[in-house]
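Trainee: sequence first, then the predicted structure, then my questions.
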Amino acid sequence: MNEDEINIHPVMLVGAGPGDPDLLTVKAHRLIGDVDVIVYDRLVAKPILELIPDTTERIFAGKRASNHYMPQEDINNLLVDLARVGKKVMRLKGGDPFVFGRGGEEALHLVRHGIPFEVVPGITSSAGCAAYAGIPLTHRGLAQGVRFVTGHSKSDEPLTLDWRSLADPETTLVVYMGMANVEEISTKLIENGLTSDTPVAVINMGTRPAQKTLLTTLSELPGTIKSSEIKGATLFVIGRVVTLAEELAWFETAATH
C-alpha cells in the first residue's frame, strides 16, 4: 500500500489541563482511549497518563525550560511521520495547546505537510491553578483584566517583554515559566511602575494533591522562591486579586512569606 492509499487521520492536539484529571474535558478523556499513539509532555500529570490504555503507544517528548528531551522541530516531524503511516495520533499537552503550548507551531507544521488536525482545548494553567488557589483572575474593584506572559524566552534568549505595559496595577499578570528569570521579572516590574508591595502568589503544582501556594510581594518574590526550594510546574500571579487568596482558599491553605 502506498502513501496515497493510507487513511490519514487528523492529529489531535489535546490539552490535558493543569493536572487534576477531573479537569480533563469529556472529549479529551474519550480520545485518550481511542488513539494509537500519544506524544506527551513532562507537564502531563501522572494520573492522566494512567488513563492511557496499555495497548496505546506512548512517546515522551520532554519539554522543560533549558532541557529539551526532544527539540520542537523533531516533535513536529514526528507527528507528521506517525500520521503518514495511518496511525491515530494524539499530541497531549499540559494546560491548553494554544496557550504557551507550542500547539500553533505544531498545527502549522501539520498543515504545511498536508496533515489534517483538530484542537481539543484544555483548561489553561493560569485559570485552573488560580481557581484552586482561591484567586479570581478578575474581580470588580481589584482587576479590570488579565494578561498572560511567559517568563522564559525561546532558546534561552533575554526576555523582551513590554515591561511598561505589564506594570499595570489595574490588571492581573500571570507569568508562566518564570522561575529562571524571577529576579529580572521582579526588578523590571518595579522599575516600570508596580509598587514593591504588590501582592504575588507563587502556585506550585497547581490543582494537584501536592499543590503549594506561597503568598509574597513583588520585591520579596526572588527571596521567597530561593528559600522555598520549590520545584516543578510553577505560576506567578501578580496583582491585587492575590489579596483574596487567604479568604477564598479552598483546596489547600496558603502559606504567607
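Mentor: Nice, I can see it. Numbers count the residues shown, from 1 in each chain.
Trainee: okay, CA-based contacts and neighbour counts for the rest of this
Mentor: Noted.
Trainee: what's in contact with stretch 94-110?
Mentor: Defining contact as CA atoms under 8 Å, 6 or more residues apart in numbering, one finds that stretch 94-110 is touched by 13-19, 41-45, 76-77, 79-80, 93, 116-117, 119-125, 150.
Trainee: and those residues, which of them are buried?
Mentor: 13-19, 41-45, 76, 79-80, 93, 116-117, 119-125, 150 (16 or more other CA atoms under 10 Å).
Trainee: out of those residues, which sit inside helices?
Mentor: If you go by DSSP state H, those have 76, 79-80, 125 in helices.
Trainee: let's have the residues you listed in TSV, adding distance to Phe60 and pLDDT.
Mentor: Listed next are these as TSV, based on distance: CA to CA, whole Å; pLDDT from 0 to 100:
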residue	distance to Phe60	pLDDT
Asn76	13	97
Leu79	12	98
Val80	16	98
Ser125	20	95
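Trainee: tell me the two of these that are most distant?
Mentor: Farthest pair in these (CA to CA) is Val80 and Ser125. Separation: 27.3 Å.
Trainee: how many residues are close by Phe148?
Mentor: 15 (other CA atoms under 10 Å).
Trainee: what sits against it?
Mentor: 126, 173-176.
Trainee: can you do 7 Å?
Mentor: When contacts are counted by CA atoms under 7 Å, 6 or more residues apart in numbering, Phe148 touches 173-175.
Trainee: and it, how close does it get to Val44?
Mentor: Phe148 is 20 Å from Val44, where distance means CA to CA, to the nearest Å.
Trainee: kindly report the same for Ser165.
Mentor: The value you get for Ser165 to Val44, if CA to CA is used, is 32 Å.
Trainee: so Arg147, which of the three states?
Mentor: What DSSP: H, G, I helix; E, B strand; the rest coil gives for Arg147 is strand.
Trainee: leaving out chain neighbours, which residue sits closest to it?
Mentor: In space, Arg147 comes closest to Leu173 once its chain neighbours are excluded; the distance is 5.0 Å by CA to CA, 6 or more residues apart in numbering.
Trainee: what strand or helix carries that neighbour?
Mentor: Using DSSP states H and E, Leu173 sits in strand 171-176.
Trainee: now do the very next helix or strand once past that strand against strand 171-176, angle only.
Mentor: Where DSSP H and E defines the elements, the next helix or strand beyond strand 171-176 is helix 182-191. Angle, helix 182-191 to strand 171-176, by axes from the mean of the first three to the mean of the last three CA atoms, to 10 degrees: 170 degrees.
Trainee: how about the CA coordinates for helix 182-191, as PDB?
Mentor: Output in PDB follows, covering the C-alpha atoms of helix 182-191 (Å, rounded to 0.1, in the frame of the first residue of the first chain):
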ATOM      1  CA  VAL A 182      12.400  35.700  38.700                       C
ATOM      2  CA  GLU A 183      15.000  38.400  39.600                       C
ATOM      3  CA  GLU A 184      14.500  40.200  36.300                       C
ATOM      4  CA  ILE A 185      10.800  39.900  36.500                       C
ATOM      5  CA  SER A 186      10.600  41.400  39.900                       C
ATOM      6  CA  THR A 187      13.100  44.200  39.200                       C
ATOM      7  CA  LYS A 188      11.700  45.200  35.800                       C
ATOM      8  CA  LEU A 189       8.100  45.400  37.000                       C
ATOM      9  CA  ILE A 190       9.000  47.600  40.000                       C
ATOM     10  CA  GLU A 191      11.200  49.800  37.800                       C
END
